[in-house]
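Enquirer: Have a look; sequence and predicted model below, questions after that.
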Amino acid sequence: MKICILGGTGNMGTGLTVRWALSHDILIGSRSRERAVETAERLRRLAVGFYQNQMRGSITGLENAEAVKASKVVVVCFPPEATIEAVIDLRGNLREDQIVMSTVVPMRRRDKLFYFKSLGAGNRERSAAEAIQDLVKPIPVVSAFQTVPAAYLNNIDAVLNLDVLLAGNDEVALTIVSRLVRDIPNLRPLKVGPLSNSKFVEAITPLLLNAAILNGLHDPSIRIIPWMPTP
């Protein structure tokens, strides 16, 4: 599958690129073609060195618009403050047969702690994924990877025994994103309901960061454990 990573030169984007390059063709998008090409070559060397002859995918650097047009799945990894403007600029390159996946977490830091920052207007709390969906509809948006630390993804030797919470309204899109999650060994996709639930998933990230700060933890994440009654 051809997967476009918008914001592919950032931490989350580079981690997903190297992980998925084992099986998929990754198109790193950037406003600067030169930066995209440099990042793609660096990550290609890393992936080839790790996977050796098992690598069946590829990594290519392109300008954002080119990467969007050539892909099946478009992954939005922009910083929250840049997301709305960037998606508005690029949505004209999208097709109705594509899927958009958002990893964006809108939050702010005040003093030492992090807080969820809604992208909604007025009193309406709106997640980043919902804001993106409003801009690109009818193309389906799936929210994913908000609770997976970028540091884990970027450490190609790390075993990611974690859950990835997926929110979305389109079952076909959810199925495709679930398969992509499973393509990264030891990650488990868990559906958590409609896209409106993405705000709850996105809000977990600042809680995890605060837990790390206040309790001296290193890059905490989550895994859903079913309760087993005592016999």
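Expert: The structure has been received and is ready for your questions.

Enquirer: pLDDT below threshold where in this structure?
Expert: Low-confidence segments of the chain, defined by pLDDT under 70: 120-124.

Enquirer: let's see it at 80
Expert: 8-9, 119-125, 227-231 (pLDDT under 80).

Enquirer: the residue most distant from the middle of it, which is it?
Expert: Most distant from the centre of the chain: Pro231, at 40.4 Å, with distances by CA atoms, centre = their mean.

Enquirer: Going along the chain, name the helices of the chain.
Expert: With DSSP state H as the criterion, the chain has helices at 11-20, 33-51, 64-69, 80-90, 128-136, 150-154, 171-182, 198-215.

Enquirer: mind putting these in JSON lines, mean neighbour count and distance to Met101 included?
Expert: In this view, the C-beta of every residue, glycine as well, is placed from N, C-alpha and C. As requested, the helices of the chain are exported to JSON lines (neighbours: other CB atoms under 10 Å; distance: least, CB to CB, whole Å):
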{"stretch": "helix 11-20", "mean neighbour count": "24", "distance to Met101": "9"}
{"stretch": "helix 33-51", "mean neighbour count": "17", "distance to Met101": "19"}
{"stretch": "helix 64-69", "mean neighbour count": "20", "distance to Met101": "13"}
{"stretch": "helix 80-90", "mean neighbour count": "16", "distance to Met101": "13"}
{"stretch": "helix 128-136", "mean neighbour count": "23", "distance to Met101": "9"}
{"stretch": "helix 150-154", "mean neighbour count": "18", "distance to Met101": "14"}
{"stretch": "helix 171-182", "mean neighbour count": "17", "distance to Met101": "6"}
{"stretch": "helix 198-215", "mean neighbour count": "18", "distance to Met101": "11"}
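
Enquirer: Make TSV out of these and add distance to Met107.
Expert: Listed next are the helices of the chain as TSV, based on distance: least, CB to CB, whole Å:
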stretch	distance to Met107
helix 11-20	14
helix 33-51	25
helix 64-69	24
helix 80-90	7
helix 128-136	10
helix 150-154	14
helix 171-182	22
helix 198-215	5
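
Enquirer: So what's the gap between stretch 36-46 and the chain middle?
Expert: Remark: stretch 36-46 is offset 19 Å from the chain centroid, using CA atoms, centre = their mean, to the nearest Å.
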